[in-house]
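Undergrad: Kindly generate the corresponding structure for this input.
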Amino acid sequence: MAAPHHPDPNYRSPKYSIARTDTRCWRCGQSTSVLALLLPEDHETLDPESEEESHAWQPAGGSAFLFYVAYLPDGVQGRLFQLSPTIRVAHSDATANCYWANHCEHCGSLLDDHELHCETDGAFMPCSEAEAQKIVLLQVCEPFEALAAGYALEPEFLRFMRKT
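TA: Model prediction:
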């Protein structure tokens, strides 16, 4: 299922990173690979309250993980799918929306973004330097835009994540 094109992204950046790590599936208990999108400090966010086009885009002032991503350009979609065919558009009952979601590579279960990004010791919310070192960041030097409902500014232990 392909996500529909959305004409109004709320995040943009001259580059981005794809974060990769492993987590345990809530259903089958096996270790599975998961991906996330990380924007650098120089990314911008769209201010939906602004009525002036020139003031709508604002500097974010820090790095951030995006989650509950509803729209991605075709190039970003392709890159994610190359790294993991288990990331695909899915419907979430919790959010009542479709978003790009990780799925278990063993049983196919949806791995909810809330669990990966918002829960203590979630895959992309490490609680220590050692946990952060398990996250690998693939830097992509291409323009990026997305529509996302979740945003984690200044992830803790970011400097310990491994860059490639």
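
Undergrad: And P40, what's its pLDDT?
TA: What the model reports for P40 is a pLDDT of 98.

Undergrad: Just the buried positions in the longest helix seen in the chain, please.
TA: Ranked by residue count under DSSP state H, the longest helix found in the chain is helix 74-83. Across helix 74-83, burial judged by 16 or more other C-beta atoms under 10 Å covers 76-77, 79-80. To be clear about C-beta, it is placed using only N, CA and C from the backbone, and glycine gets the same treatment.

Undergrad: Count the residues that sit near L153.
TA: 12 (other C-beta atoms under 10 Å).

Undergrad: Quick check: it touching G62?
TA: Yes. Using C-beta atoms under 8 Å, L153 is in contact with G62, at 5.1 Å.

Undergrad: coming back round to it: out of the buried residues of helix 74-83, which two sit at the greatest distance?
TA: The most widely separated members of these are Q77 and R79, with 7.4 Å between them, by C-beta to C-beta.

Undergrad: did I read that right, A36 in a strand?
TA: Yes. Counting by DSSP: H, G, I helix; E, B strand; the rest coil, A36 is part of a strand.

Undergrad: any idea how far A56 is from it?
TA: According to C-beta to C-beta, to the nearest Å, A36 stands 26 Å off from A56.

Undergrad: out of these two, which sits in the busier spot?
TA: Higher neighbour count among A36 and A56: A36, with 26 against 15, using other C-beta under 10 Å.

Undergrad: nearest residue to the more buried one other than its sequence neighbours?
TA: The shortest distance from A36 to any residue other than its chain neighbours is 4.4 Å, reached at A19 (C-beta to C-beta, 6 or more residues apart in numbering).

Undergrad: Against which helices or strands is the helix or strand in which that neighbour is found packed?
TA: Using DSSP states H and E, A19 falls within strand 16-24. Contact partners of strand 16-24 among helices and strands, from 3 or more C-beta pairs under 8 Å, 6 or more residues apart in numbering; DSSP states H and E: strand 31-39, helix 74-83, strand 136-140.

Undergrad: circling back: would you list the buried residues of helix 74-83 in a markdown table and tack on distance to A149 and pLDDT?
TA: Shown next, in a markdown table, are these (distance: C-beta to C-beta, whole Å; pLDDT from 0 to 100):
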| residue | distance to A149 | pLDDT |
| --- | --- | --- |
| V76 | 17 | 96 |
| Q77 | 18 | 95 |
| R79 | 21 | 96 |
| L80 | 18 | 96 |
